[in-house]
Every structure is written in structure tokens, then in C-alpha cells.
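Enquirer: sequence and predicted structure are below.
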Amino acid sequence: MTWLGMKKKFFDLLFFFLGLILIFLGMGHVALFAIGETVTAEVYEVAQQAMVQNDASTRNPSRYTLSYRFTVEGSSYSGHVTRVFEGGSHRRSTLKVRYLPFWPHVNHEDQGGVDLQGLLSMGVGILVIFFALRGEIISLVQHRRGYS
């Protein structure tokens with residue numbers, strides 16, 4: 001196998017695993033929406049996020065990180081959310097959180113609607129895997145049709 005062939009195989013394998021990671025992350029978001037349970041978490045720390053870039057387009061004084069904790073069946077779990085909170089809405093003592101009943105370490109802020117991030121992540125992961133394996137898929141189809 002040539003150097004170029006080995007390099008292509010390496011990147012195909014790398015993109016395959018990247019696609020798998022995106023699919024699993026997306027499945028986690030979908031699972032939180034579909035079977036997750038909602039709990040009220042206590043906000044214990046609020047920190048304003050200073051952006052590293054210095055241009056006016058990336059600075060937003062409304063970007064905060066809220067750290068929260070909640071209890072499920074006597075065990076304490078924590079998490080944080082970073083986003084833009086408009087009009088001082090970051091000043092709160094509680095936050096609605098969704099968590100997986102069988103694995104409360106997986107939790108996220110409950111925004112009350114459908115989270116498209118999970119579906120988008122799964123779709124992008126499937127596309128990345130398809131493009132990583134496109135050579136093998138094309139050769140398999142050609143072999144079945146008798147082209148090779």
C-alpha cells in the first residue's frame with residue numbers, strides 16, 4: 001500500500017469514528033427529550049463569560065455560565081449551562097433540568113421544546129460516516145452489479 005493509500009485509510013477511519021461520536025451525542029440529546037425526567041435544580045454559581053476574541057461581534061455581556069446541582073434518589077448530580085441570558089434572566093436560584101432516569105449524569109437544561117441539536121448531530125454523523133465509507137460502498141455496489 002502506498003503512502004497516499006495509507007493516509008486516505010487513516011482519514012477515512014478518523015472520520016468514521018468522528019461520525020460515531022456525533023451519532024452517540026445526538027442520541028443522548030434525543031433520549032433526554034424522549035425519556036428524560038424533569039427536576040428543579042439549584043443554581044449555586046453564576047459567572048459572566050468573557051470572550052477571548054476582541055472584536056465587537058463576539059463580545060456579549062449577556063453570556064453567562066450557570067452551575068447547578070440536583071438530587072435524585074439521595075445522590076447529588078451537577079452540571080452547567082453557558083448561553084446568552086437576555087434581560088437579566090441569569091439571576092435565578094433554580095433551573096429546570098432534564099436527566100436520564102437510568103443515568104442522571106447525563107443531564108441538560110430543559111428549554112421546554114424540541115431540541116434540534118440532537119437530530120442535527122445524528123444527521124451530520126451519518127453523513128460523515130457515509131463520506132468516510134463512500135469508496136467501500138461504491139466498490140461493493142459495483143461488485144454486486146458485476147462491474148469489476
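Expert: Now that the structure is in, tell me what you want to look at. These numbers were taken from a predicted model, which means no experiment stands behind them.

Enquirer: what secondary structure does the most centrally placed residue in the chain sit in?
Expert: The residue lying closest to the centre of the chain (Cα atoms, centre = their mean) is Leu25, at 4.8 Å. When classified by DSSP: H, G, I helix; E, B strand; the rest coil, Leu25 comes out as helix.

Enquirer: can you classify the residue nearest to it when sequence neighbours are not counted by secondary structure?
Expert: Leaving out its chain neighbours, the residue that sits closest to Leu25 by Cβ to Cβ, 6 or more residues apart in numbering is Ser121, at 5.1 Å. C-betas here are computed from N, CA, C, even on glycine. At Ser121 the chain is in helix, as set by three-state DSSP.

Enquirer: now for Ser121, how many residues are close by?
Expert: Counted with other Cβ atoms under 10 Å, residues neighbouring Ser121 total 20.

Enquirer: hang on, isn't it packed against Leu20?
Expert: No: Ser121 sits out of contact with Leu20 when judged by Cβ atoms under 8 Å, with a separation of 11.5 Å.

Enquirer: return the longest strand anywhere in the chain as PDB; C-alpha atoms alone will do.
Expert: Longest strand in the chain, counting residues (DSSP state E): strand 37-48. Provided in PDB are the C-alpha atoms of strand 37-48 (Å, rounded to 0.1, in the frame of the first residue of the first chain):
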ATOM      1  CA  GLU A  37     -37.300  13.300  33.500                       C
ATOM      2  CA  THR A  38     -37.500  16.900  34.600                       C
ATOM      3  CA  VAL A  39     -36.300  18.200  38.000                       C
ATOM      4  CA  THR A  40     -35.700  21.600  39.500                       C
ATOM      5  CA  ALA A  41     -32.000  22.200  40.100                       C
ATOM      6  CA  GLU A  42     -30.400  24.600  42.500                       C
ATOM      7  CA  VAL A  43     -28.200  27.200  40.800                       C
ATOM      8  CA  TYR A  44     -25.100  27.600  43.000                       C
ATOM      9  CA  GLU A  45     -22.800  29.700  40.900                       C
ATOM     10  CA  VAL A  46     -23.300  32.300  38.200                       C
ATOM     11  CA  ALA A  47     -20.300  33.500  36.200                       C
ATOM     12  CA  GLN A  48     -20.200  36.000  33.300                       C
END
